[in-house]
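>>> Next comes the sequence, and after it the predicted model I'd like to discuss.
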Amino acid sequence: MADVLIVYWSGTGNTEMMAEKIKEGLENNHLVVKMATVDEVDPSEVSNYNKILLGCPSMGEDELEDTEFEPFFEEITGLIAGKHVGLFGSYGWGEGEWMTLWENQLKLTGANLFQKGLIVNYTPTEEDDELCVVFGEAFAKL
């Protein structure tokens with residue numbers, strides 16, 4: 001079984017690019033990673049992991065993607081208490097308000113939020129790619 005589960009939703013590919021770079025950072029630390037889109041993971045599978053990374057872009061200034069990712073997140077809220085969870089995603093407007101709201105939602109589940117959620121405005125740049133790798137490397141050391 002993998003050491004870390006990465007579950008993400010990506011509409012334009014930006015959050016998927018972030019997931020790939022975060023995975024690279026985890027693998028730099030010799031961790032086995034299962035990475036999947038939200039529609040490829042049964043919410044109950046989250047119970048099998050102590051380290052989980054969730055990626056979702058903003059769909060407006062203050063909301064997660066609401067047809068697939070939000071329902072998935074709601075289903076896992078009772079399964080992630082005490083687990084290490086990191087959040088990441090891209091956004092196109094506002095200042096990343098959705099991430100602050102998502103962090104607050106996560107804290108209510110009893111999960112251990114890893115750092116602040118990692119956000120990237122639009123398409124990740126080379127600098128953003130490096131931030132994603134570093135985020136993954138840091139998460140690996142938990």
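Perfect, I can see it now. Residues are numbered from 1 along each chain as shown.
>>> Could you look up the next helix or strand downstream of the lengthiest strand in the chain?
If you go by DSSP state E, the chain has its longest strand at strand 84-91. The element immediately downstream of strand 84-91 (helix or strand, assigned by DSSP states H and E) is helix 97-108.
>>> buried ones in that next one?
For helix 97-108, the neighbour count (16 or more other Cβ atoms under 10 Å) marks 98-99, 102, 105-106 as buried. For the C-beta atoms, the positions are set from N, CA and C on the backbone; glycine is no exception.
>>> Quick check: the gap between the residue nearest to the spatial centre of the chain and His30.
Taking Cα atoms, centre = their mean, the centroid of the chain lies closest to Leu54, which sits 2.3 Å from it. Distance, Leu54 to His30, by Cβ to Cβ, to the nearest Å: 22 Å.
>>> how much distance is there from stretch 131-142 to the middle of the chain?
Chain-centre distance of stretch 131-142: 12 Å, with Cα atoms, centre = their mean, to the nearest Å.
>>> who touches it?
4, 18, 21-29, 31, 51, 53, 84, 86, 88, 114-115, 118, 120, 124 (Cβ atoms under 8 Å, 6 or more residues apart in numbering).
>>> Just the buried ones from those residues?
4, 18, 21-23, 25-27, 31, 51, 53, 84, 86, 88, 114, 118, 120, 124.
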